[in-house]
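**Q** with the input below, show me the fold.
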Amino acid sequence: MRIDEKKTPLQVTVLLTAGRVPTRLLSEVHDVVRQYGLSLYLTTAQNLRLLGMRAEDITEIQDRLVVKGATIKALGMFPVPRVCVGEAGCKLGLIDTFDISKKIVARFGPRKVKPKFKIAIAACPASCANALSTDIGLVATRAGYDIYVGGKGGIKPAVGRRIVRKADEDKVFEVIENLVNFHQEKTGEKQRFHKLLEHPEFPYPQAV
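**A** Got it, this is the predicted structure:
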């Protein structure tokens, strides 16, 4: 495929589960950035984005990073959840956000999905991961997970609808499965969940 450098920003985005960067990958990113004269951007989705490359270097850069364990973002990939630091780094945290994020990625990561929904996980009701303003938001409580859907930022931000309370992990996976299936079946391209809340067949029509 021909890349038009005048119209297409030349960049590579590395997906990071729970915002963690493996040491050997971080070392390779450092070497690549220095060798190719790139800049490094930490995205709001907690991923690494390498900017400023030439078209002829993209494949080589991607290959080098993949060898070190990187997952390169591409169209149609299941979104890696954005998370807060969780109980490992916050006294308010009720869960290990890295653990639940890994489980979600392991279960749903191989799926191809339509853009443009996002997932966020908060380890407590303070919701530092902005789970209430994300398409699918999980908020840990002492009684289990509260699940929100339809939140969004942007020009017209919206708080998500709470559709499940006190869920265990099995229920969380079930709800995500139902929501993703509905999104796949009922949307065109780049549809946010907020626009689906009033669909007559939406599987969770009532707030709880």
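**Q** so where do the helices sit in this protein?
**A** 23-36, 58-67, 97-108, 169-186 (DSSP state H).
**Q** now render those helices as a markdown table, adding mean pLDDT, mean neighbour count and distance to Ala207.
**A** C-beta here means a position set from N, CA and C on the backbone, and glycine is covered the same way. Output for the helices of the chain, formatted as a markdown table (pLDDT from 0 to 100; neighbours: other CB atoms under 10 Å; distance: least, CB to CB, whole Å):
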| stretch | mean pLDDT | mean neighbour count | distance to Ala207 |
| --- | --- | --- | --- |
| helix 23-36 | 96 | 14 | 41 |
| helix 58-67 | 97 | 15 | 42 |
| helix 97-108 | 97 | 18 | 23 |
| helix 169-186 | 97 | 16 | 14 |
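**Q** of those helices, which is nearest Asp135?
**A** helix 169-186 (8.4 Å; CB to CB).
**Q** now Arg142. Its backbone dihedrals?
**A** Torsion angles at Arg142 (phi, psi; degrees, to the nearest 10) stand at phi -70, psi -20.
**Q** mind checking pLDDT for it?
**A** Listed pLDDT for Arg142 reads 98.
**Q** skipping its backbone neighbours, what lies nearest it in space?
**A** The shortest distance from Arg142 to any non-neighbouring residue, by CB to CB, 6 or more residues apart in numbering, is to Leu94 (6.4 Å).
**Q** list the residues that contact the one you found.
**A** Going by CB atoms under 8 Å, 6 or more residues apart in numbering, Leu94 touches 87, 123-124, 140-142.
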